[in-house]
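In: The amino acid sequence is not available; the structure is as follows:
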């Protein structure tokens, strides 16, 4: 009897592992396909061979400029920002055991946005300073939210409610800055706030690329502890997890890549919100969905950008497309949570 039970558990785990690997490979293939499509499509469509030759250093009149200066930076920015939003959003939702506990809803990306708009409207700084301010703004915002939510003990519901309050306050600050801003500064601020890959520069993506490469192994290393945190504070502690240390490391790591992604592309709406639930739906439970969530984030960003560029007569930034996709899901989720009385 015991052997049969053990064999059943082993078979179920093997099945879940095979599903995880299969879904991750399929998502990776879709990601590669979208990257290739981003490099090929534009005002002029270039074949794959031209794209490869240009990337290998060959000079092709017209194609070299379009691919190296416009399409490659746009693709790289979407690739790494999408992964950062997807993986970071999944970390927050899993760690805090609530789908609303993501950077968009609890104000982290809004903190980055407020800092960036402040620099654009009042200080008239360079794009480098704006990006740096966005990173600092995101880190300071999460520090304030986490500090206020602790009290005598850490509470998830308190963190979410405080985050929503901070987000509302920061949105008011952004609205005020836009109201007093000079006319020639507003288009830049609006373009930044909408979340867009337009005007992406390869040099500006380097900090994000480095951060994602360094932080992703850290997130994967703490994947087991993350799963235990999902069981609850007491259960995780009884299993030997230092909950405060693990939560702080995961939070800082996730906030860092999210803040850098926001600094690079602006706050692309709902990617961090949608990636985790989609990954869990596709992969299921039993394994960490950090990589699948990151890949889904890439697919949402690159796919949304392609739709925004070519599906309509007017070109829309990617944040508009992801916002259209994510808003109905947010409404559905709020209705479901209200009925269950979870928050």
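Out: In hand now; what should we look at? Keep in mind it's a predicted model, so treat the numbers as computed, not measured. Numbers count the residues shown, from 1 in each chain.

In: helices or strands next to the host helix or strand of residue 144 in the packing?
Out: Assessed by DSSP states H and E, residue 144 sits inside helix 127-150. Where contact means 3 or more Cβ pairs under 8 Å, 6 or more residues apart in numbering; DSSP states H and E, helix 127-150 is packed against helix 108-118, helix 156-180, helix 202-221, helix 243-265. In this view, the C-beta of every residue, glycine as well, is placed from N, C-alpha and C.

In: Save the ones you listed as CSV, and put in distance to residue 85 too.
Out: Below are these laid out as CSV (distance: least, Cβ to Cβ, whole Å):
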stretch, distance to residue 85
helix 108-118, 9
helix 156-180, 16
helix 202-221, 11
helix 243-265, 6
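
In: which one of those helices is the most hemmed in?
Out: For these, the largest average neighbour count (mean count of other Cβ atoms under 10 Å) is found in helix 108-118, namely a mean of 28.

In: What lies in contact with that one?
Out: Helix 108-118 has contacts (Cβ atoms under 8 Å, 6 or more residues apart in numbering) with 103, 130-131, 133-138, 140-142, 145, 163, 166-167, 170-171, 173-174, 177-178, 189, 192-193, 255, 258-259, 262-263, 266-267, 272.

In: Determine the angle, from 0 to 180 degrees, between it and helix 127-150.
Out: Between helix 108-118 and helix 127-150, the angle comes out at 140 degrees (axes from the mean of the first three to the mean of the last three Cα atoms, to 10 degrees).

In: Tell me the gap between helix 108-118 and the middle of its chain.
Out: Offset of helix 108-118 from its chain centre (Cα atoms, centre = their mean, to the nearest Å): 15 Å.

In: With respect to residue 71, which of the helices and strands packed on helix 127-150 lies nearest?
Out: helix 202-221 (10.8 Å; Cβ to Cβ).

In: And the contacts of the closest one?
Out: Against helix 202-221 from outside (Cβ under 8 Å, 6+ apart): 72-73, 76-77, 80-81, 83-84, 87, 91, 127-128, 131, 226, 249-250, 253-254, 256-257, 260-261, 263-264, 288, 290-291, 294.
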